[in-house]
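1. Test case, fold it:
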Amino acid sequence: MASYLLKLLIENGHKVFVLSRSKKGKSAQARISDILQFWDKDILEKAHFRNFETIEGDITFPQLGINSESIRQKIISETEIIIHSAALAELRSPLEDIRKINVDGTRNVLDFAMECKKDGQLKKTNHISTAFVVGTRKGVNFSENMLQLGQGFHNTYEQTKYEAELLARDYLKKGLDISIFRPSMVMGDSLEGKTNNFRLFYEPLHFFSLSIYKEFPADLNCFQNLININSVAEAMYLLAERKENRVYHIVSPEVTTIETLVSVAAGYFGFRMPEFIPFEKFDSAQFTPAQRLLAAPFVPYFNYNTNFSSSVTQQVLKEYNFSYPKIDKQNLLRIFAYCSQIGYIRRKRRFFSFALSR
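-> Modelled structure (predicted):
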C-alpha cells in the first residue's frame, strides 16, 4: 500500500524523502527502487523521479535511525507532510515483537514529527491505521468517530494498531496536527489485479486450492470489506494535505460475502470448495495440528459481520469527484488472474476425453 502511494507522490511531482532500511543484503535504495519498478517498470527513467530521495533508517530506533545529522536536519527543515505507513502486518507475530514496530516505531515517528513542527515547516502528519482496530466488538456500525469500545482483538496486529491510534491521539493533544487513515482489507489493483503482498484472504484461498481442508469454519453469509490497493492509495493521496484533523475510513461502500469470494475463486481456479460450517457449530478437534495452525489467523475474518461506516469520509471524497471501483465478479477475476499468472494459486487444467467407435 505504501509503495503504491509513494508512486503517486512521485508521479505528481512531490519531493519525497522515503525512510527505508537495508534488508537481507539489499540496500535501502535498491529495495525502494525495486518496489517502485514493480508498479511502473519505467518510473526510474522519468524526469519527476529526481524529486525522490531514499534515506537509510529504521523507525524502531530513536531519531528514526538516521545516522547523518546533516541529513536529519535537512529532512526536519524541508518536510511539510509526513505519512507514517511503516508497520508489521503479520497476524501471527508475538505481541512484544510487533509492538516494537507498530507502537514504539509510531512513537519514534511522532517524536520526529514534533521536531519537524518545532524547527521546520511541518503542516500535517498522517498515520495509517486499519479499520480492524474495532477488534472483536460486534453489533456496531463502526464509524470514523469510534475507537474505544471495550473490544478485544483477534490478533496482535489489531491490538498494536489500536494502541498506535491511542498514541496518535496523545500527540494530537500535544499540538501535532494528525489525521488517521483506516483502510479495510486491501487486495490487488483494480486494473490488473497486481499485488506484492499475498496475505489475508489470499492465503486461505491458497489452502482451499490445495485441498488442505474438507471442512472449514466459515459462515458464507458473513462478509468482508474488500478494497483495491490503487483506490486506497489514491484516496489517501487526495486527503493527506487537508488541514483538518480527522479519522478517515478508506473502505468500500459495498461489502462482499464470503460465499461470493470463495465461489468466484473456486470457479476460476477449478478447486472444490470445502464444506463451510459456522464457527460456533464447528468441531475444531477434527483439525490436525498443522491445519489448526494454518487456519487460526483467518477464521475470525471468515465469520465476520462488523460493518465499517464511512459516511464522513465519503462526503469529503465527493469534493474530489472520487469513487471506488465496484468490487464485483470482474474485479475479483482480475485479482485471481494475477494470482494465477505469477503462480501463487495455480489454475487447475481441464482435460477432455473422447471415446472413439469403429
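
2. Next up, phi/psi of the residue nearest to the spatial centre of the chain, please.
-> Central residue of the chain (CA atoms, centre = their mean): residue 186, 5.0 Å from the mean position. Per-residue torsions, residue 186: phi -90, psi 130 (degrees, to the nearest 10).

3. per-residue confidence at it?
-> For residue 186, the model assigns a pLDDT of 96.

4. That one is in contact with residue 229, isn't it?
-> Yes - using CB atoms under 8 Å as the test, residue 186 is close enough to residue 229 to be in contact (5.3 Å). Placement of C-beta: from N, CA and C, glycine included.

5. Touching both of those two, which residues are there?
-> Shared contacts of residue 186 and residue 229, defined by CB atoms under 8 Å, 6 or more residues apart in numbering, are found at residue 1.

6. dump the residue contacts of residue 234.
-> Residue 234 sits next to 8, 322 when contact means CB under 8 Å, 6+ apart.

7. what pLDDT does it get?
-> The score at residue 234 is 98. That number is its pLDDT.

8. if I look at it, how far off is residue 281?
-> 41 Å (CB to CB, to the nearest Å).

9. got it, and residue 135?
-> From residue 135 across to residue 281, the span is 23 Å (CB to CB).

10. Check residue 72 too.
-> Here residue 72 is placed at a distance of 57 Å from residue 281 (CB to CB).

11. Look at these two and report which has more neighbours.
-> More crowded of residue 72 and residue 281, by other CB atoms under 10 Å: residue 72, with 17 against 8.

12. list the contacts for the more buried one?
-> 63, 66.

13. 6 Å instead, please
-> residue 66 (CB atoms under 6 Å, 6 or more residues apart in numbering).

14. for residue 85, what are its contacts?
-> Counting by CB under 6 Å, 6+ apart, residue 85 touches 2, 128.

15. can you do 10 Å?
-> 1-3, 5-6, 18-19, 109, 126-128, 181, 233, 236 (CB atoms under 10 Å, 6 or more residues apart in numbering).

16. How far away from the center of its chain is stretch 269-289?
-> Put simply, stretch 269-289 sits 26 Å off its chain's centre (CA atoms, centre = their mean, to the nearest Å).

17. mind listing what's buried in that stretch?
-> 269, 271, 273-274, 276, 282, 287 (16 or more other CB atoms under 10 Å).

18. Could you find which two of those residues are furthest from each other?
-> The most widely separated members of the buried residues of stretch 269-289, counting by CB to CB, are 269 and 282 (23.8 Å).

19. Given whatever helix or strand residue 55 lives in, what are its sheet partners and their directions?
-> Using DSSP states H and E, residue 55 sits within strand 52-56. The strands beside strand 52-56 in its sheet (DSSP bridges) come out as strand 16-20 (parallel).
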